[in-house]
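**Q** have a look; sequence and predicted model below, questions after that.
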Amino acid sequence: MRRYSEDSKKGKTTARRMIFTFALDAAAEGESSSDGGLNFWKFRVMGHASFWRLGGILALVNKATNVDACAIRGGCDMRNCVNKQKNEFSGAQGCIFDVNLLAGGAYIGYLYGASDVVIEVGRCRLTLSNPH
């Protein structure tokens, strides 16, 4: 996975942005059929608790179809996250999104987090796990 990230601190807010690319094997584990069956990947987004007040998004756009896999499931909106995560030790909060990706697909990922406070070391972190 290749990535580019950028931090922005203007005024009394903080924004974190990450752009990354990845591709799946044509015979990805969990693929139930050759016509794009279920192939759910878990994307875990973690970051400073303030990112969840204003919100942020995760978008996973298929390069061939130009369709956001998150939009198909109703969006990967961090502010309205259903599957929330909390790390008591670091104070970080996050969300897990289950997203159906096409085997053999190449994707561009966008992660954006916005905070209503200036954070010196506040980072957004993204991890993923393949289908079981």
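**A** Looks like it came in fine. Residues are numbered from 1 along each chain as shown.

**Q** what stretches of the protein score poorly on pLDDT?
**A** Within the chain, the stretches with pLDDT under 70 are 1-11, 27-37, 87-92, 119-123, 132.

**Q** which residues of it fall in strands?
**A** 2-10, 13-23, 40-47, 56-62, 76-77, 84-86, 93-100, 106-115, 125-129 (DSSP state E).

**Q** mean neighbour count and distance to C70 added to those, as TSV?
**A** In this view, the C-beta of every residue, glycine as well, is placed from N, C-alpha and C. TSV is the format used below for the strands of the chain (neighbours: other CB atoms under 10 Å; distance: least, CB to CB, whole Å):
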stretch	mean neighbour count	distance to C70
strand 2-10	11	17
strand 13-23	17	14
strand 40-47	19	9
strand 56-62	20	6
strand 76-77	20	4
strand 84-86	12	17
strand 93-100	19	6
strand 106-115	20	10
strand 125-129	14	13
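
**Q** and stretch 15-23, how far out from the chain middle?
**A** 8 Å (CA atoms, centre = their mean, to the nearest Å).
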